[in-house]
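> here are the coordinates; sequence isn't available:
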């Protein structure tokens, strides 16, 4: 009950249909005619107590009671009219931005052998997996999927809101099960294909690699054109520090660790991002990779706010209806209690 009567300060309300408020001007006129009509129909007002007794105690309190009756009826009518005007509080907690169904995101992750380089701790791949899972935790309403690639690509997890399942799929990703190489175009093209025609309006691919494209039947720029035609935004991330990095290399004598020059095709990655209205980022350690994902998250959150679903304000006529009915009931009840019908 307290929530119903929480706000009586009607001047703090906005009204969606303010034209109803013109009816407030009629209330004094109607009350005047009601008083005159009541006076004519009843003649002399009769009360429940004897006339001699009423004279003894004076009539002045009765006049105040009659005035109170018409004030109550007037206020009750006014509150009902304001309820018709659809009141809403401008600071209402309910009046929040309402977003759409989220967005579709595909993480397209390079898992080639070079991703085992240790310039990121414990290595590039494990760092990329860890930060990707942190990113997923912040995207509660989004459908997110995972594509992984080396010399070929496959879908490790289709777009889903079951983020626990997706993170398990990320944990299970290991290099060495696909054809060796780095097929950036295939990784991007597979991600584009996973964003089906029934995907949500906003579609995003986050393409992560630490090298140059040297495999695949489709070039990175051809795949970028496919993404552009589907209105997919592609954010590209190059991972690897400047200069050389230690990475395991398979030889006839087994796996050895050697310093290898970090070679990322930043020109192509920038072209992919530019063609799809995305952005290119360079991550030189795990900390910078984490900041890149935070930046992407911020950019996509801003986009969602810009595309907010507009809705009607939360109307709150209940308090006005409650007060209106309460005042009218009290007013008419007191009137019936005091007045007697003429014989």
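Thanks, I have it. Just so it is clear, the model here is predicted, and its values are computed rather than measured. Numbering: from 1, shown residues only.

> just the pLDDT for residue 248.
For residue 248, the pLDDT comes out at 76.

> err, residue 229, not the other one
94.

> who touches it in this structure?
Residues counted as contacts of residue 229 (CB atoms under 8 Å, 6 or more residues apart in numbering): none. Using the backbone N, CA and C atoms, a C-beta is placed for each residue, glycine as well.

> against residue 244, how distant is it?
Using CB to CB, to the nearest Å, one gets 39 Å for the distance from residue 229 to residue 244.

> over to residue 277?
34 Å.

> go on, residue 285?
15 Å.

> cool, residue 107 as well?
Distance of residue 107 to residue 244, given as CB to CB: 28 Å.

> what about those two, which has more around it?
Per other CB atoms under 10 Å, whichever of residue 107 and residue 244 has more neighbours is residue 107, with 25 against 14.

> can you verify that one is assigned to a strand?
Yes: applying DSSP: H, G, I helix; E, B strand; the rest coil, one finds residue 107 inside a strand.

> show me what it bridges to in the sheet.
residue 146, residue 206 (DSSP bridges).

> so who does it touch?
132, 144, 145, 146, 147, 206, 208.

> residue 109 is in contact with the fourth one, correct?
Yes: when contacts are counted by CB atoms under 8 Å, residue 146 is listed as touching residue 109 (6.9 Å).

> sticking with residue 204, tell me its helix or strand.
Using DSSP states H and E, residue 204 maps to strand 203-209.

> how near is residue 131 to residue 14?
45 Å.

> compare those two (neighbour count), which wins?
The residue with more neighbours, out of residue 131 and residue 14, is residue 131; 23 against 14, by other CB under 10 Å.

> now the host helix or strand of the more buried one against strand 203-209, angle please.
Take DSSP H and E as the rule and residue 131 turns out to sit in helix 124-137. Interaxial angle of helix 124-137 relative to strand 203-209 (axes from the mean of the first three to the mean of the last three CA atoms, to 10 degrees): 160 degrees.

> now what about helix 124-137, what contacts it?
107, 109, 111, 114-117, 120-121, 144, 163, 166-167, 170-171, 173, 175, 208, 210, 239-240, 286, 289-290, 293, 296-297.

> list the buried residues in it.
Using 16 or more other CB atoms under 10 Å as the test for burial, helix 124-137 gives 124, 125, 126, 127, 128, 129, 130, 131, 132, 135, 136.

> make TSV out of those and add distance to residue 235 and pLDDT.
Converted to TSV, the buried residues of helix 124-137 look like this (distance: CB to CB, whole Å; pLDDT from 0 to 100):
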residue	distance to residue 235	pLDDT
124	18	96
125	19	96
126	21	96
127	17	97
128	14	97
129	17	97
130	18	97
131	13	97
132	13	97
135	11	96
136	15	96
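
> hmm, residue 330 is touching residue 72, no?
Yes: using CB under 8 Å, residue 330 is in contact with residue 72, at 5.3 Å.

> looking at these two, which one has more neighbours?
Neighbour totals were compared for residue 330 and residue 72, and residue 72 leads with 20 against 16 (other CB under 10 Å).

> and that one, its phi and psi?
When read as degrees, to the nearest 10, the backbone of residue 72 gives phi -60, psi -40.

> residue 231 now?
Dihedral angles (degrees, to the nearest 10) for residue 231: phi 60, psi 40.

> tally of neighbours for it?
13.

> from residue 78, how far out is the nearest residue to it once chain neighbours are set aside?
Spatial nearest neighbour of residue 231, excluding adjacent residues (CB to CB, 6 or more residues apart in numbering): residue 203 at 6.8 Å. In this structure, residue 203 and residue 78 are 53 Å apart, going by CB to CB.

> settle it for me: which of these two has more neighbours?
Per other CB under 10 Å, whichever of residue 203 and residue 78 has more neighbours is residue 203, with 23 against 19.

> residues in contact with the more buried one?
Contacts for residue 203 (CB under 8 Å, 6+ apart) come out as 103, 104, 105, 195, 230, 231, 232, 233.

> swap the cut-off to 7 Å and go again
103, 104, 195, 230, 231, 232 (CB atoms under 7 Å, 6 or more residues apart in numbering).

> contacts for stretch 279-289?
So stretch 279-289 is contacted by 120-121, 127-128, 131, 235-239, 241-242, 266, 269-270, 273, 292 (CB under 7 Å, 6+ apart).

> show the average pLDDT along that stretch.
Rounded mean pLDDT across stretch 279-289 is 96.

> strands of the stretch 1-150 of the chain, start to end?
Assigned by DSSP state E, counting those that start in this stretch, the stretch 1-150 of the chain shows strands spanning 14-15, 87-88, 104-110, 143-149.

> with that, I have no additional questions.
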